[in-house]
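Undergrad: sequence first, then the predicted structure, then my questions.
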Amino acid sequence: MLGLLKDKIDHFHQQIDRILIVPRLETQRGRIPNVSVDGDTIRIAGQDNDLSAGRLFSDLRLIIDFLDVQLPSAVMSNLSGTLIPSLISRLISTRLSSSVPPSLENLPAFEELLKETKRFEDGLHDAKLTRERELSDWVERAPKVWLAKRRESCLDAARKVMASGVGEIEKVERAVTQAIDAQHGQGAMVAGVADVSGADNWNAVWNDEEEDNTASGEQPKQEAPKQPEKLADHTGFIEEDDDDGADGWGLDEDLGLDDHDEPLKVPEPTMESDEQTPEFPAPQEQDDDDIGWSAWADAAEADDGRDYGFTSASSGTPKHARKPSIEAPTSSQINRTSAPKDITLTETYTITSTPRALISLITGLLSEATQLETNPRYRSSSIASAASGILTVPSLVLAIFRALAPLYYAVDLKSNMYLYNDCTFLSAALPPEVSEKDVSQIVTFGKRQYSREMEAQRTILYDYLDGSQGFISCDEPLQRQECGRAMAAATSRLREIHTAWETVLSKSALYQSIGSLLNAVITKLINDIEDLSDISEPESVALAGYCADLGSLGEELFPGRDPESTPVTAIYCGNWVKFRYLEQILQSSLADIMMLAGEGCLKDFEEEEIVDLIRALFADSEVRSRCIEDIRRQGVLR
């Protein structure tokens, strides 16, 4: 008999749940059914749009009170054991969870819901229908529930921002006001990578100083010549001990970076920025944060006293007669000094719509945390304690950016450079409340993507050059075709990269990036030529032709500030001078080479490099042996 009663009660509970409870808790269409009682009849008839918490719990109490009045106490006691737990569980999973607001906008309605929930549970306890405190526990967890919902909505918004792709691109400008002397300012203009204002009267200032010195019997001061900076001697730029991967995003694996893939560090004088602008240096494959605007000047003014113009002689006993015909670019030396002047250095680069969207999202989160702590309207709210938790959400937003960026930015040749720019802008424009660790991780992540892109392009260029098979027997018809195709593919790739990146990177960043890739190409060509043990005259002519083609490309990609200016290739391509002198050596007589060595033009070469080239280019003779002996014994290269 008891088993039969239990079965009947369970069946009755299922009918109540299906006919009354589920329809009343359903609000997906924005309307609810009307629950009414007429004597011993309860029905659902009609609909309205009153979704308030008071109306919800009023209808639930109406249903429970009707059952409590109409059913025998023994039946109601058994029914409540299954009906009430089921009702509470369904209430939490549907109406309560869906009513949690994703922001502060609907917080008053949520507060009312919490109060009504607590009052409803108290009524159940007073009627002795339950002893559980599941609804009270949920109300106490409301700050955590709201924070979880807010975190979920923010991460979803960040994902949608990433999924929208590049969007509208935007040119942004970096402007830095700095006290700088004439050498540094003019050096930046010589390099052609910055627009400099406030420097028009430097020469006039210097002339005035010179006249004053002359009148007092003093000689104008000149700086000692500097050794050229080798921008290709790259060291690692990622100095942070913390990996850029955030917890849970799978970014903490070893990415296998090479040190030479990172922006170059050069000294930077103290700068005072007029406004909050991104620290956007040329990504010289070392630490971007340490690159100063004076880098361009230091590189441009660097000079070791040698003449970069190629000279030739006509004596010697070569294996084959050659006549040098190459004119290398000369570098101008600035030896003037003047009082420092305040100038403004500016450059522009391109970003996508992503960083501004993320900054807007993060700014909104921080604003909500501030309001929860300071606004009287929210300070007494039951979720005010979630303010500290809100401050952790920006870290997760930046983490999901780092996690998804490699997927959504992988579109074309520009993608990783857009990502590098976006990280640079984002790290500089983030609100100060964002932790330094998060900012440094964004900076490191951007540099890492830049490094990966540079390494990928180097690999492609190396693959093209490998088709030449080390330029062995390049005078033979079939091999000459292969070498020509390899060089044509490499030069074409460099032009393609330059065309793609010049619309994205700042001019300084573009020059440093292309300079690094060009340096990789010419370094491989130098090594391949030096590895040849014997070079015939037709081979030397062919090799010199390949060098000339790359030389023309270098001058094309690195023009000066105006058409009449000397190309600035040597500033950004570390082995450029060595490469151009190698081209000269391939076309010179033995006497020419010794003259170049005596004049200090070949100091970029090691002694054994010159010795091996002489042995490969010239037949064994007493003159060749004497020249090799002089190079080794007297150190004429130095």
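TA: Arrived safely, thanks for sending.

Undergrad: hey, let's count contacts and neighbours off CA atoms from now on
TA: Noted.

Undergrad: contact partners for Lys171?
TA: Contact partners of Lys171, counting by Cα atoms under 8 Å, 6 or more residues apart in numbering, are Thr348, Tyr349, Thr350, Ile351.

Undergrad: how about the third one, nearest residue that isn't a chain neighbour?
TA: Going back to what we said before, that points to Thr350. Lys171 (4.5 Å; Cα to Cα, 6 or more residues apart in numbering).

Undergrad: just Val504 next, same as before
TA: Thr350 (4.9 Å).

Undergrad: which secondary structure elements does the helix or strand containing that neighbour contact?
TA: Using DSSP states H and E, Thr350 sits within strand 341-351. Helices and strands touching strand 341-351, by 3 or more Cα pairs under 8 Å, 6 or more residues apart in numbering; DSSP states H and E, are strand 170-180, strand 195-197, helix 415-429, helix 507-530.

Undergrad: contact partners of the helix or strand just after it?
TA: Once strand 341-351 ends, the next helix or strand along the chain (criterion: DSSP H and E) is helix 354-374. With contacts defined as Cα under 8 Å, 6+ apart, helix 354-374 is touched by 104, 154, 158, 161-162, 165-167, 378-379, 384-388, 390-391, 393-394, 397, 422-423, 425-426, 429-431, 433.

Undergrad: in helix 354-374, what counts as buried?
TA: Burial within helix 354-374, assessed by neighbour count using 16 or more other Cα atoms under 10 Å, is assigned to 354-356, 358-359, 361-363, 365-366, 368-373.

Undergrad: circling back to that earlier point, any idea which of the helices and strands packed on strand 341-351 scores lowest on pLDDT?
TA: Lowest mean pLDDT within the helices and strands packed on strand 341-351: strand 195-197, at a mean of 46.

Undergrad: ok so, going back, tell me how far the strand holding Thr350 is from the chain's mean position?
TA: In this view, strand 341-351 has its centroid 20 Å away from the chain centroid, taken as Cα atoms, centre = their mean, to the nearest Å.

Undergrad: again with stretch 468-477
TA: That offset, for stretch 468-477, works out to 41 Å (Cα atoms, centre = their mean).

Undergrad: filter the contacts of helix 354-374 down to the buried ones, ChimeraX style.
TA: Those of the contacts of helix 354-374 that count as buried under 16+ other Cα under 10 Å are selected in ChimeraX with:
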select :154,158,161,162,165,166,378,379,384,385,386,387,390,391,393,394,397,422,423,425,426,429,430
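
Undergrad: just the ones of the contacts of helix 354-374 in strands?
TA: Counting by DSSP state E, those place none of their members in strands.

Undergrad: among the contacts of Lys171, which pair sits farthest apart?
TA: The span of the contacts of Lys171, defined through Cα to Cα, is set by Thr348 and Ile351 at 9.9 Å.

Undergrad: about what we covered before: let me see the contact set for the residue nearest to Val504.
TA: Taking Cα under 8 Å, 6+ apart, we find Thr350 in contact with Ile169, Glu170, Lys171, Val172, Tyr418, Asn421, Thr503, Val504, Leu505, Ser506.

Undergrad: how about the helices in the stretch 401-550 of the chain?
TA: 415-429, 436-466, 477-501, 507-530, 537-557 (DSSP state H, counting those that start in this stretch).

Undergrad: next, the angle helix 507-530 makes with the third one.
TA: Between the axes of helix 477-501 and helix 507-530, defined by axes from the mean of the first three to the mean of the last three Cα atoms, to 10 degrees, the angle is 170 degrees.

Undergrad: what are the buried residues along helix 477-501?
TA: By neighbour count on 16+ other Cα under 10 Å, the buried set for helix 477-501 is 479-480, 482-491, 493-495, 497-498, 500-501.

Undergrad: out of the helices and strands packed on strand 341-351, which is closest to Met454?
TA: helix 507-530 (7.5 Å).

Undergrad: by contact count, what packs against that closest one?
TA: strand 341-351, helix 436-466, helix 477-501, helix 537-557, helix 569-572, helix 576-586, helix 607-617.

Undergrad: list the strands paired with the first one, with their directions.
TA: Strands that pair with strand 341-351, judged by DSSP bridges, come out as strand 170-180 (antiparallel), strand 195-197 (antiparallel).

Undergrad: dump the C-alpha coordinates for that strand into CSV.
TA: Extracted C-alpha coordinates of strand 341-351, given in CSV (Å, rounded to 0.1, in the frame of the first residue of the first chain):
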residue,chain,number,x,y,z
LYS,A,341,67.7,72.1,-28.2
ASP,A,342,64.2,70.9,-27.5
ILE,A,343,62.9,69.2,-30.6
THR,A,344,60.0,66.8,-31.4
LEU,A,345,60.7,63.5,-33.1
THR,A,346,57.7,61.9,-34.7
GLU,A,347,56.8,58.8,-36.7
THR,A,348,53.7,56.9,-37.6
TYR,A,349,52.8,53.2,-37.7
THR,A,350,49.6,51.2,-38.4
ILE,A,351,47.4,49.3,-36.0
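
Undergrad: what helix or strand is Ser86 located in?
TA: Here Ser86 is assigned to helix 73-91, by DSSP H and E.

Undergrad: go ahead and confirm Tyr378 touches Ala384.
TA: Yes. Under the criterion of Cα atoms under 8 Å, Tyr378 makes contact with Ala384 at 6.4 Å.

Undergrad: where do the domain boundaries of this protein fall?
TA: 2-140, 440-584, 588-638 (automatic domain parsing).

Undergrad: Arg402: which of the ones you listed is closest?
TA: domain 440-584 (7.2 Å).

Undergrad: so what would you say the end-to-end distance of the closest one is?
TA: Using Cα to Cα, to the nearest Å, one end of domain 440-584 lies 46 Å from the other.

Undergrad: what pLDDT does the model give the closest residue to Ile21 other than its chain neighbours?
TA: Nearest residue to Ile21 in three dimensions, chain neighbours excluded: Leu87, at 7.4 Å (Cα to Cα, 6+ apart). Reported pLDDT at Leu87 in the predicted model: 90.

Undergrad: from Thr94, how far out is Leu87?
TA: Distance of Leu87 to Thr94, computed by Cα to Cα: 10 Å.
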